[in-house]
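**Student:** Give me the fold of what follows.
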Amino acid sequence: MQSPPNTHSGFSGGSPGSMKFQTKAASHMSSTSVMPQMQDAAYGAESATWDENKTQSRLWLQEIIEQRRLTALFQPVISMGGGEIAGYEGLIRGPSDSPLHAPINLFRAASEQGLAIEVELLCRQVVLESFAQLDLPGKLFLNVSPECLLLRNAKHGETLGYIHNLGIKPDRVIIELTENQRTLDYNLLREAARHYRAMGFEIAIDDLGEGFASLRLWSELRPEYVKIDMHFIQGIDQDPVKRQFVSSIQQIAEKSGTKVVAEGIETEAELKVIKDLGIACGQGYHIARPSSQPATALPVEVAQALANKTVPGYTQNGRVSPKTVTVLKLLHECLSVMSDVSNDSVYEMFMSDPELQALPVVDNGAPVGLITRNALIDRFARPYRRELLGKKPCALLMDPAPLVVERDMSLQELSHTIVAADRHHLSNGFIIADHGRYLGMGTGHDLVREITQMQIQAARYANPLTLLPGNEPINEQIALLLQGDVEFHACYCDLDHFKPFNDVYGYHSGDEVIQMTGKILSEVCDPDRDFIGHIGGDDFIILFQSTDWEARCRTALDRFAAAILEFFNAEDRVRQGYVARDRRGHEVFYPLTSLSIGAVPVEPCMQASHHKISAAAAEAKKQAKGIPGNSLFVERRAACAEPRVPMDFSLEGVI
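**Tutor:** A predicted model of the protein is given here:
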């Protein structure tokens, strides 16, 4: 049998849809770089190479099937409530020395060669065998296509007998259906699901919200588990629409007796939101990456995050800013090659995958270069270049200075870096690393899309002066806190004698005082527990979950008292006040501008609402403003009790 080319793939997990790079640049040569007749020659060569690659793919597949050259990886699925590993999803990888290493390439080639069922059945066997050999705890989420589920010969106990021989009980196996076609025979699927349930298996639906008819599939099969597509999980701590979608799915799940699994959890903030929404299970890179030797215990930081009963705010210190999102959000895990791989092998990889636009060059885990589709085809299209360069290592034609960024770089920093760098980095993409170790790639298109989306969100939800969350996020955060049944303190912050200050010192100085106040209040908040919002004008609200909230308020008062002096002239500082005209035109002496904070404790109860909390906080603020100077008034009665003010009281309509 012909041996596959000696190529190396750096793919190690992630969704199939994230493995490719799609740009508006054509997959073929640019007409500005070569003559039209050379383009025709390149197109003919590409067609011939495609036929050759189809033959090569079949040889690879036959070798994989005959020699069982597949590797099983497992990614933990955790219980959000109990804080332990509930099971593992079984994943598969092809040989690391072939282009079929990535599952999307493996299954696409199998489908083209009419070997999809054979390859899937082999994958299932390899995953089950590895799960048994590793003696992993909990349940196994076993990926099965609807086509395989409906196989006639699979309805006669073959799967049941196979797992019995491995020592696995059927009630530990969850058949995870991946919807990948537009038309499904729901009657046959219901019958197949009933058949497998009768043998003791459970059913899960994968990628809810991503497929063609996943909601109907849920309704028809009534699975024990549904997995929400990672699109709705990534950035959920900053996106109220995603939060509402997941919350609605959870409500449906509760009524139908289904457990929800959140896929693609990549940050602690996302983990906390998922937990507080009541989602049963979660998985993602923040918890653990897929591995052939998976952990059997949660990482310490994940266990601690699950143990803390808090509700995270929108972003750090509540600010709506691109700085809070990192390039990890743009990560695409993709194929990579080593620098000694031949240019011919790289060319064949591009020809076999029309959507592949760039290949990172990685040696010993470190990125050393980048090869783009257009650059390679352009070189090969010139006379005799392929004959001269085809057998040489790809290091000769790669870009030896690609843009490499660390995973924790903010999107705003990345945007500035690309603008300052050569323009080709925007079209070629950038390599993402973790302390210099290759992780994957990102594209300029994805960066522009994310920055644009964040700017739109900031304009919609943030106060333009301070960039702090405005009224809509404030109400949503209060609702989240109430839904999470956590204790917190609502602190209404307001400036005293601010209008006459504006009249005397001007609105520009007034804006600077408001910005200074927002900065001080943000600094005293715990970014992981507390939330600050800007209601409007000189009014702010802080939702404290920190137990030392009162000390934080007094720190804010002390800092404000010191900082405000810089905004007054020497004469007014000496006499501790200033003269301004009141509404009737009379000159009145006003004390220096001060900060008043009214605090209300909020306890979990069925009667609490953001209207009642707002009313109680406004009344507490009024009491604080009655105290001269920088002051804190604490309403000792919880907001669940009947407020002193009528129930229709509102904060001038701003909350």
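**Student:** helix, strand or coil for the most centrally placed residue in the chain?
**Tutor:** With distances taken as CA atoms, centre = their mean, the residue of the chain nearest its centroid is Q234 (2.2 Å). Recorded secondary structure, Q234: coil (DSSP: H, G, I helix; E, B strand; the rest coil).
**Student:** That one contacts G264, doesn't it?
**Tutor:** Yes - counting by CB atoms under 8 Å, Q234 touches G264, with 5.4 Å between them. The C-beta positions use only the backbone N, C-alpha and C, and glycine is treated the same way.
**Student:** hmm, back to that, and the residue nearest to the centre of the chain, how far from A269?
**Tutor:** 11 Å (CB to CB, to the nearest Å).
**Student:** Y162 too?
**Tutor:** When distance is defined by CB to CB, Y162 is 42 Å away from A269.
**Student:** Could you check which of the two has the larger neighbour count?
**Tutor:** A269 (23 against 15; other CB atoms under 10 Å).
**Student:** Which helix or strand lies directly C-terminal to the helix or strand hosting the more buried one?
**Tutor:** Assignment of secondary structure by DSSP states H and E places A269 within helix 268-276. Helices and strands here follow DSSP H and E; after helix 268-276, the next one along the chain is strand 281-282.
**Student:** helices and strands around that following strand, which ones?
**Tutor:** Packing contacts for strand 281-282, counted by 3 or more CB pairs under 8 Å, 6 or more residues apart in numbering; DSSP states H and E, involve strand 71-79, strand 259-262, helix 268-276.
**Student:** Distance to N143 added to these, as a markdown table?
**Tutor:** Below are the helices and strands packed on strand 281-282 laid out as a markdown table (distance: least, CB to CB, whole Å):
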| stretch | distance to N143 |
| --- | --- |
| strand 71-79 | 11 |
| strand 259-262 | 13 |
| helix 268-276 | 22 |
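**Student:** Could you verify my assumption that E450 touches L328?
**Tutor:** No - E450 sits out of contact with L328 when judged by CB under 8 Å, with a separation of 11.4 Å.
**Student:** Unless I misread the structure, Q412 falls within a helix.
**Tutor:** Yes - using three-state DSSP, the assignment for Q412 is a helix.
**Student:** To what extent is it buried, counted in neighbours?
**Tutor:** A count of nearby residues for Q412, using other CB under 10 Å, gives 15.
**Student:** Tell me where the model's unsure across the protein.
**Tutor:** Residue ranges of the chain with pLDDT under 70: 1-54, 152-158, 179-184, 209-214, 309-324, 455-460, 605-608, 637-655.
**Student:** between the helix holding A269 and strand 71-79, how many degrees?
**Tutor:** Per axes from the mean of the first three to the mean of the last three CA atoms, to 10 degrees, the angle that helix 268-276 makes with strand 71-79 is 60 degrees.
**Student:** Tell me the helices and strands packed up against helix 268-276.
**Tutor:** strand 281-282, helix 300-307.
**Student:** Please save the CA atoms from the last one in PDB.
**Tutor:** By that I understand helix 300-307. The C-alpha trace of helix 300-307 is given here as PDB (Å, rounded to 0.1, in the frame of the first residue of the first chain):
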ATOM      1  CA  VAL A 300      -8.800  23.900  41.500                       C
ATOM      2  CA  GLU A 301      -9.900  27.300  40.000                       C
ATOM      3  CA  VAL A 302     -12.900  25.700  38.300                       C
ATOM      4  CA  ALA A 303     -14.000  24.000  41.600                       C
ATOM      5  CA  GLN A 304     -13.600  27.300  43.500                       C
ATOM      6  CA  ALA A 305     -15.600  29.200  40.900                       C
ATOM      7  CA  LEU A 306     -18.500  26.700  41.200                       C
ATOM      8  CA  ALA A 307     -18.400  26.800  45.000                       C
END
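**Student:** Now do the helix or strand just after that helix: distance to the chain's middle.
**Tutor:** On the C-terminal side of helix 300-307, the closest following helix or strand by DSSP H and E is helix 343-352. Chain-centre distance of helix 343-352: 32 Å, with CA atoms, centre = their mean, to the nearest Å.
**Student:** Which SSE is immediately downstream of helix 343-352?
**Tutor:** Counting by DSSP H and E, the next helix or strand C-terminal to helix 343-352 is strand 358-363.
**Student:** what helices or strands is that following strand leaning on?
**Tutor:** helix 343-352, strand 366-372, strand 437-442.
**Student:** before we move on, the earlier item: not counting the helix holding A269 itself, show me its contacts.
**Tutor:** 80-81, 233-237, 243, 246, 262, 265, 282, 284, 286-287, 301-302, 305-306, 308, 310-312, 315, 480, 483-484, 528 (CB atoms under 8 Å, 6 or more residues apart in numbering).
**Student:** Now, of the residues you listed, which are buried?
**Tutor:** Neighbour counting by 16 or more other CB atoms under 10 Å classes 80, 233-237, 243, 246, 262, 265, 282, 284, 286-287, 302, 305-306, 310-312, 315, 480, 484, 528 among the contacts of helix 268-276 as buried.
**Student:** ok, the residue nearest to P223 when sequence neighbours are not counted - contacts?
**Tutor:** Leaving aside its sequence neighbours, P223 sits nearest to I203 (CB to CB, 6 or more residues apart in numbering; 4.2 Å). Applying CB under 8 Å, 6+ apart, we find I203 in contact with I174, I175, L177, A193, Y196, R197, L221, P223, E224, Y225.
**Student:** Doesn't I203 lie inside a strand?
**Tutor:** Yes - judged by three-state DSSP, I203 forms part of a strand.
**Student:** how close does it sit to A192?
**Tutor:** As judged by CB to CB, I203 and A192 stand 9 Å apart.
**Student:** what do you get for K275?
**Tutor:** K275 sits 34 Å away from A192, going by CB to CB.
**Student:** cool, and G484?
**Tutor:** Taken as CB to CB, the span from G484 to A192 is 39 Å.
**Student:** Please apply the same query to P601.
**Tutor:** Applying CB to CB, the value for P601 to A192 is 55 Å.
**Student:** do H534 as well
**Tutor:** Look at H534 and A192: by CB to CB, they are 55 Å apart.
**Student:** what's the burial count for the closest residue to A580 other than its chain neighbours?
**Tutor:** Nearest residue to A580, sequence neighbours excluded (CB to CB, 6+ apart): P500, at 3.7 Å. Burial measure for P500: 17 neighbouring residues, criterion other CB under 10 Å.
**Student:** same thing with A116?
**Tutor:** For A116, using other CB under 10 Å, the count is 17.
**Student:** Run a quick check on it versus L122, I expect a contact.
**Tutor:** No - in this structure A116 lies outside contact range of L122 using CB under 8 Å: 11.0 Å.
**Student:** distance of the residue sitting furthest away from the middle of the chain from P500?
**Tutor:** Taking CA atoms, centre = their mean as the measure, the residue most remote from the mean C-alpha position of the chain is H586, 57.9 Å away. Separation of H586 from P500 (CB to CB) stands at 12 Å.
**Student:** With R449 instead?
**Tutor:** With distances taken as CB to CB, R449 is found 47 Å from P500.
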